[in-house]
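**Student:** Sequence and computational prediction follow.
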Amino acid sequence: QVQLVESGGGLVRAGDSLRLSCVASGRTLGYAMGWFRQAPGKEREFLATISWIGGTAQYSDSVKGRFTISRDNAKNTVYLQIDTLKREDTAVYYCAANHGLTTRREAEYEYWGQGTQVTVST
């Protein structure tokens, strides 16, 4: 079992930067991690994923260049740095864990956090 808790969301202004954190507990060894988001009225979308070792990261084309995923296994924490926030980044952001390779497929993630709300004002 893996438990995930996201934090770092809040009300921010367009153009600001934000770093989200996801702390994992339980049997976390070997898990690839991913970040997703769900905006009001929309389906949940993939943002980024990172391998257990941290050497492999993939991004959605829609966020590549503005979002950076990283992890610190000593702290059991994965991060999502968001730069130059836009109003359309308003969403609930989720982290997820997959015991295997990095993947963009939501269905392949076994564990999910409760999400953290990010609201971007203009």
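**Tutor:** Received, thanks. Residues are numbered from 1 along each chain as shown.

**Student:** Tell me how many other residues crowd the closest residue to residue 79 other than its chain neighbours.
**Tutor:** Sequence neighbours aside, residue 70 is the residue nearest to residue 79 in space, at 4.9 Å (criterion: C-beta to C-beta, 6 or more residues apart in numbering). Where you see a C-beta, it was placed from the backbone N, CA and C, and this is true even at glycine. Burial of residue 70 is recorded as 15 neighbouring residues (other C-beta atoms under 10 Å).

**Student:** who's in contact with residue 70?
**Tutor:** By C-beta atoms under 8 Å, 6 or more residues apart in numbering, the residues touching residue 70 are 50, 54, 78-79, 81.

**Student:** Kindly report the same for residue 58.
**Tutor:** Residues in contact with residue 58, defined by C-beta under 8 Å, 6+ apart, are 48-49, 102, 104.

**Student:** Of those, keep whichever come out buried.
**Tutor:** The neighbour count (16 or more other C-beta atoms under 10 Å) marks 48-49, 102 as buried among those.

**Student:** and stretch 58-66, how far out from the chain's middle?
**Tutor:** Relative to its chain's centre, stretch 58-66 lies at 12 Å (C-alpha atoms, centre = their mean, to the nearest Å).
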